[in-house]
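>>> Output the structure for:
(2 chains)
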Amino acid sequence: MARILTQTKATAVNPLKSSQPMGAAMAFLGIDGALPILHGSQGCTSFALVLLVRHFKHTVPLQTTAMDQMATVVGGAEFLEKALVKLKARTWPRLIGICTTAVAETRDEDIAGDIINAKGARPRKLIDTEVVLARTPDFAGAVEEGWSKAVTATIEAITLPGTQDRDPAKVVILPGSNITVADVEHLRETVESFGLTPLILPDVSGGPEEAVRDRWIPIARGGAKVELVRDLGAATLCIAIGEQMRRPAEALQGLTGLPYVMFGSLTGLNNADRFAWLLAAILRDNAPTAVRRGRMQLQEAMLSGHFHFAGRKVAIGSEPDQLLQFAQFFIGMGAVITAAVTTTGDSKALQIVPIDTVKVGDLGDLEELAVDADLLVTHSHGRQAAERLAIPLMRVGFPVFDRIGGQHKLSILYRGTRDMIFEVANIVQGIHDLPPARAPPEPGS
Amino acid sequence: MGRRFVRPHALNAWPGVDRPFVPGLEGPEMSSIETQMRDASAKIFRTTEAKETCHNASQGSAASGGCAFDGAKIVLQPITDVAHLVHAPLACEGNSWDNRGAASSGPVLWRTSFTTDLTELEIVTGDSERKLLKAIREIKEGYAPAAIFVYGTCVTELIGDDIAAVCRHAAQKFAIPVVPVKSPGFGGSKNLGNRLAGEALLEHVIGTVEADDPGSYDINILGEFNLSGEFWLVKPLLDRLGIRVRACIPGDARYAQVASAHRSRAAMMVCSTALINLARKMEERWNIPFFEGSFYGISSTSESLRRIAQLLVKKGAGSALLHHVETLLAEEEEGAWRKLEAYRLRLEGKRVHLNTGGVKSWSIVHALIEIGMEIVGTSVRKSTARDKERIKQMLKDENHLHQSMAASELYAILREHKPDIMLSGGRTQFVALEAKIPWLDVNQERQHAYAGYEGMVELARQIDLAIHNPVWAQLREPAPWKQFVTTARPAEGSVFISRSAAEEVPLR
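Predicted coordinates for the structure are as follows:
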């Protein structure tokens, strides 16, 4: 178990975190026909929206309650109700996900009560639309916590309680926030290839491909259907990916009795093996050819790639689940983690992360700790640090705004691990193939 | 949208509405915000138009435009050797840092993000003021900035942190300028934030450093952000005229330059609303005359340089300057027009939809018309009444001024009128791209510099590249399997399409 060094300074220098409501909004976007609303002042949403668009490189439906000073002081119920009614009529969402911000939460308003009142006051206007509340103030948590809270709230609000007839071929999968479009697609294909039906929540893999439309659709497209969320209890097993998903998995178990299996990460040969074993065990069948081929290819990639990893010093800055994912991956390939910075000390992922010390802090801390590193692994905001340290930056997590195609990068199971080995090996070769391997230190430095 | 008919909310941030007493917000701390709101009402908008520019009816509208904090930070952040400390929970800074392309010729400290990242415990126990003081000390010791700007935000204003007092105390204790910028997001729009930033500069920065070398050719440029380093396309022209930019606020500025800006002889205000209060009050206080101008487009650039020279001469510079300016302009204009001719052939008559946030609209409109393009629509949501008048005069017959920046409406407009290109900021980029309309970034994240004569040529080049890119023809090809589909199956999204017909149902 890693020793956790807590934050001692008062200033966050170059924050590693993105805010909690952002994570919640991203999770809601993985539900078909959903519309996330940030309950706060306009800037809360505006900043989040700009960052989401910079990251995803397409439009993101995100709305605001636009609280003003009056609402901030005496309560935003009226604003919330107005937003709900207006948006419902204008966009017909299947689900409205309300993510509270610090502006609404500092007063500690009874927002759940406000929603019930709004529904009661306008019963017809809000019929047919699920309203889910995730309490995600900015002054606590980060993307992971927000994501986890949104999924938990969705399950608690929508999933039918009580045990149901279980369909032995159905598997619920609750992926954490560090999942890409490519990951979801691959996950679905893999599970289907075993003859199982995956119910993935949230499903960020997107909507119909017909891009030319005659009308703008201002809500999330594709993703998990609300009906699917309702019947999650009819599955045979729940697979949670990442410690952040323990909460929703437990909520689901509490509601429906559905047992869950926890995966810290799906990256790396061992994790992928465990996942494949689990799927094979459910139907007591052999693994399909594609999966077996994938494992072989990964083995080959490990054989040709480990040279480039061995002894390399890697500095990682990311949220706990992703930290676990990458720490296991790099260490499994022979690299050394010389610096690890994360956003919170509370995650259980830190108990199994194979690093001696983990610092709770920001990119400023990472930059200090990474002085002798060969590779920096964090999101795009690490670019300044990488520049000053003169080492390459591998962009992972959220936000990645200065590279394209991030959502189509695979990082899980056999194929994803294989691809990541190639990526890292190529980054490393890119620097070390050039003679001299590194410029000699300047005199006096 | 008909939004202009919506009655402003009771506590309108905008003028023309009596403001009730708000407990907790009274007192001298809020005074600059209050002044700014009144200022906005009395001078910038005519009262009758206040309702039209009302921003408060936006619950549930796409999160268009930022908040006052956003506006304040935009204006002040490009001051390069200052540490910008955001006193807030994470979101204000954590979701927005390092997202603008202002360029610095020296210090990079402004790109380092500092926030107090308040936690629940600190907010509940009131420990946040102490944390702020500690943060100021850490920054002073660790980064030796020229000054520290402290931004008050929604939460810290709501819990009543006395930022001004902490800053005063810290300034004495650590012997460094510490400037409070009270800019809670709930106070109002980005424009309000712009003005609050100007107010903070007036109150705490400008005039605090005496210039040891005042000259009669010193000017201030206000509201120039040096995005993609574009002011460096203009500065050489000023250098050639012997005109010194004492302070360009805020683009590539140093704290000391801003602090001694009161010793300039004249000022040019580039951005039509962002720093109007600053320009006006500097004129009142230090007798620095200003004019509004733009460096976008050839004639605008020439006109601006001419006006600068005129103001300087009026304030005592040698009248030979006027002659020098004309010589320079003639030479530069000729060169630029020669380079532009190539693009004029390719761009003449092309129809542009302009969807910038507003403040820059009119200057870009002017520039585009210069190369024979037609502006067929623009957003005026954040423009002032004066901006709007200007834009109206410049638009072609089929003008589509629209108030709202809601994606659905914009998409509909683009699909209906099919302009040849849309110019906007990143937020609406994908509305254009999904409508398969060529698009060029003209806002803060843009990659290219468009100011001055060279910048105009670059803008034309980029528009040309965007419009004539071969991808558009390929993208508009239908999918090959379409021809085999005999009965039209409803697209997956159609369930929403049919439903959204109900969109028009009036709600109030």
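
>>> Checking the residue nearest the centre of chain A next. Helix, strand or coil?
Among the residues of chain A, the one closest to the centroid is A:Ser177, at 1.0 Å (Cα atoms, centre = their mean). For A:Ser177, the assignment made with DSSP: H, G, I helix; E, B strand; the rest coil gives coil.

>>> Looks like it contacts A:Glu144 (just checking).
Yes - counting by Cβ atoms under 8 Å, A:Ser177 does reach A:Glu144; the two are 5.4 Å apart. (Glycine included, C-beta is placed from N, CA and C.)

>>> so what sits against both of those two?
Residues within reach of A:Ser177 and of A:Glu144 at once, by Cβ atoms under 8 Å, 6 or more residues apart in numbering or on different chains, are A:Gly23, A:Gly242, A:Gln244, A:Glu319, A:Asp321.

>>> Identify, from the residues you listed, the entry nearest to chain B.
When these are compared for distance to chain B (Cβ to the nearest Cβ), A:Gly23 wins out at 11.2 Å.

>>> show me the residues around that closest one that make contact.
Contacts of A:Gly23 by Cβ under 8 Å, 6+ apart are A:Thr136, A:Gly141, A:Ala142, A:Val143, A:Glu144, A:Glu145, A:Gly146, A:Trp147, A:Ser148, A:Lys149, A:Ala150, A:Ser177.

>>> Quick check: B:Leu354 vs B:Met422, distance?
According to Cβ to Cβ, to the nearest Å, B:Leu354 stands 8 Å off from B:Met422.

>>> typo on my end, it should be A:Ala34
Counting by Cβ to Cβ, the gap from A:Ala34 to B:Met422 is 28 Å.

>>> Check A:Arg247 too.
Distance of A:Arg247 to B:Met422, given as Cβ to Cβ: 43 Å.

>>> and those two? which has more neighbours close in?
Applying other Cβ atoms under 10 Å in any protein chain shown to A:Arg247 and B:Met422 shows that B:Met422 carries more neighbours, namely 25 against 17.

>>> would you say the more buried one is within a helix?
No - per three-state DSSP, B:Met422 lies outside any helix segment and is strand.

>>> My read is that it contacts B:Lys436, right?
No - the criterion here is Cβ under 8 Å, and B:Met422 misses it with B:Lys436 at 11.0 Å.

>>> And what about the residue lying closest to A:Thr256 once chain neighbours are set aside, helix, strand or coil?
Leaving aside its sequence neighbours, A:Thr256 sits nearest to A:Gly233 (Cβ to Cβ, 6 or more residues apart in numbering or on different chains; 3.1 Å). Under three-state DSSP, A:Gly233 falls in the helix class.

>>> And the pLDDT for the residue of the stretch 1-150 of chain A found nearest chain B?
At 2.8 Å from chain B, A:Gly43 is the closest residue in the stretch 1-150 of chain A, using Cβ to the nearest Cβ. Per-residue pLDDT puts A:Gly43 at 86.

>>> In what element of secondary structure is it found?
Take DSSP states H and E as the rule and A:Gly43 turns out to sit in helix A:42-56.

>>> In terms of secondary structure, what does that helix contact?
Here helix A:42-56 touches helix A:20-28, strand A:34-39, strand A:63-64, helix B:68-76, helix B:90-94, going by 3 or more Cβ pairs under 8 Å, 6 or more residues apart in numbering or on different chains; DSSP states H and E.

>>> quick one: it to helix B:68-76, angle?
70 degrees (axes from the mean of the first three to the mean of the last three Cα atoms, to 10 degrees).

>>> Distance from the chain centre to helix A:42-56, please.
16 Å (Cα atoms, centre = their mean, to the nearest Å).

>>> Between strand A:34-39 and that helix, find me the angle.
140 degrees.

>>> For helix A:42-56, list the C-alpha coordinates in PDB.
Coordinates of each C-alpha in helix A:42-56 appear next as PDB, following Å, rounded to 0.1, in the frame of the first residue of the first chain:
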ATOM      1  CA  GLN A  42     -23.400  31.000 -15.700                       C
ATOM      2  CA  GLY A  43     -19.700  30.900 -15.500                       C
ATOM      3  CA  CYS A  44     -19.700  27.400 -13.900                       C
ATOM      4  CA  THR A  45     -21.400  26.000 -17.000                       C
ATOM      5  CA  SER A  46     -19.500  28.200 -19.500                       C
ATOM      6  CA  PHE A  47     -16.100  27.100 -18.200                       C
ATOM      7  CA  ALA A  48     -17.100  23.500 -18.100                       C
ATOM      8  CA  LEU A  49     -18.700  23.600 -21.500                       C
ATOM      9  CA  VAL A  50     -15.600  25.200 -23.100                       C
ATOM     10  CA  LEU A  51     -13.400  22.600 -21.500                       C
ATOM     11  CA  LEU A  52     -15.600  19.700 -22.500                       C
ATOM     12  CA  VAL A  53     -15.800  20.900 -26.100                       C
ATOM     13  CA  ARG A  54     -12.000  21.400 -26.200                       C
ATOM     14  CA  HIS A  55     -11.600  17.800 -25.000                       C
ATOM     15  CA  PHE A  56     -14.200  16.000 -27.000                       C
END
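
>>> Residues contacting stretch B:117-124, please?
Against stretch B:117-124 from outside (Cβ under 8 Å, 6+ apart): A:12, A:15, A:17, A:106, A:137, A:139-140, A:362, B:87-90, B:93-94, B:127-128, B:131, B:155-156, B:159.

>>> Recalculate using a threshold of 6 Å.
For stretch B:117-124, contacts defined as Cβ atoms under 6 Å, 6 or more residues apart in numbering or on different chains pick out A:Ala12, A:Phe139, A:Ala140, B:Pro89, B:Leu90, B:Ser128, B:Lys131.

>>> Can you pull out the low-pLDDT segments for the chain?
I'll assume chain A. A:123-127, A:207-217, A:432-445 (pLDDT under 70).

>>> could you do chain B instead?
B:1-64, B:271-273, B:356-367, B:379-405, B:444-445, B:485-508.

>>> still on that earlier bit, what would the helices and strands packed on helix A:42-56 look like in CSV with distance to B:Glu138?
Putting the helices and strands packed on helix A:42-56 into CSV (distance: least, Cβ to Cβ, whole Å) gives the following:
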stretch, distance to B:Glu138
helix A:20-28, 25
strand A:34-39, 31
strand A:63-64, 33
helix B:68-76, 20
helix B:90-94, 15
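
>>> Identify whichever of these lies nearest to A:Ala281.
helix A:20-28 (28.9 Å; Cβ to Cβ).

>>> what is the orientation angle of the closest one with strand A:34-39?
With the same axes, to 10 degrees applied, the angle from helix A:20-28 to strand A:34-39 works out at 170 degrees.

>>> residues of helix A:20-28 that come out buried?
Within helix A:20-28, the residues that qualify as buried by neighbour count (16 or more other Cβ atoms under 10 Å in any protein chain shown) are A:Gln20, A:Pro21, A:Met22, A:Gly23, A:Ala24, A:Ala25, A:Met26, A:Ala27, A:Phe28.

>>> Run the chain-centre distance for it.
On Cα atoms, centre = their mean, the centre of helix A:20-28 falls 9 Å from the chain's centre.
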